[in-house]
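A.B. asks: turn this into a model:
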Amino acid sequence: MQKVGTCSVVYESDVETLVFPWGTIKLLSEPVLTGTRSFTFGTVVVEPGDGHARHNHPDADEVIFVLDGIGEQMLDDLPAVVIRPGASIYIPRGVWHSTLNTGEKPLRLIIVYAPVGEENVLRALQECTVQPPEGP
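C.D. replies: Now for the predicted structure:
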């Protein structure tokens, strides 16, 4: 990570990896890393055929942006919709949702939680294993 005045330049190799049975999360902007107080930002990789269970975030809105791959997004307990690169999904706080990779390659996503705090929830999940940064 490089500090430039009050700003930060962060690479995925600079941060720890949150490993789950379905894939990984790398948090690139969070309070302890960049000092942000408004949002948490990161990348997610969901492995082919996998997905995370139905859940919600009672204290944060979420935005998901699809970079690569194809999948299904369940929102508000309604039938799942197909998601593909270029899709932006806004999920208000408290709304139940889940993501499933229906493709043959990893589903790569960008996530934003607002306000901060979800990074602590993710690390506290029993199924989360934290791997140290890979380095430069």
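A.B. asks: only C-alpha atoms from now on, for both contacts and neighbour counts.
C.D. replies: OK.
A.B. asks: now the helices for this structure?
C.D. replies: Taking DSSP state H to define them, one finds helices in the chain at 31-34, 118-124.
A.B. asks: redo the ones you listed as TSV? Include distance to residue 72, mean neighbour count and mean pLDDT.
C.D. replies: Converted to TSV, the helices of the chain look like this (distance: least, CA to CA, whole Å; neighbours: other CA atoms under 10 Å; pLDDT from 0 to 100):
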stretch	distance to residue 72	mean neighbour count	mean pLDDT
helix 31-34	31	14	97
helix 118-124	21	14	96
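A.B. asks: list the contacts of stretch 6-18.
C.D. replies: By CA atoms under 8 Å, 6 or more residues apart in numbering, the surrounding residues in contact with stretch 6-18 are 1-3, 24-29, 34, 123, 128-136.
A.B. asks: got the buried residues for it?
C.D. replies: Buried residues in stretch 6-18, counted by 16 or more other CA atoms under 10 Å: 10, 12, 14, 15, 16, 17, 18.
A.B. asks: for the residues you listed, which one is nearest residue 56?
C.D. replies: Nearest to residue 56, judged by CA to CA, of the buried residues of stretch 6-18 is residue 18 at 18.3 Å.
A.B. asks: so that closest one bridges to which residues?
C.D. replies: residue 25, residue 130 (DSSP bridges).
A.B. asks: distance of it relative to residue 41?
C.D. replies: 13 Å (CA to CA, to the nearest Å).
A.B. asks: same check, this time on residue 113
C.D. replies: For residue 113 relative to residue 41 (CA to CA), the value is 7 Å.
A.B. asks: okay, the two: which has more neighbours?
C.D. replies: Just comparing residue 113 and residue 41: by other CA atoms under 10 Å the higher neighbour count belongs to residue 113, 24 against 19.
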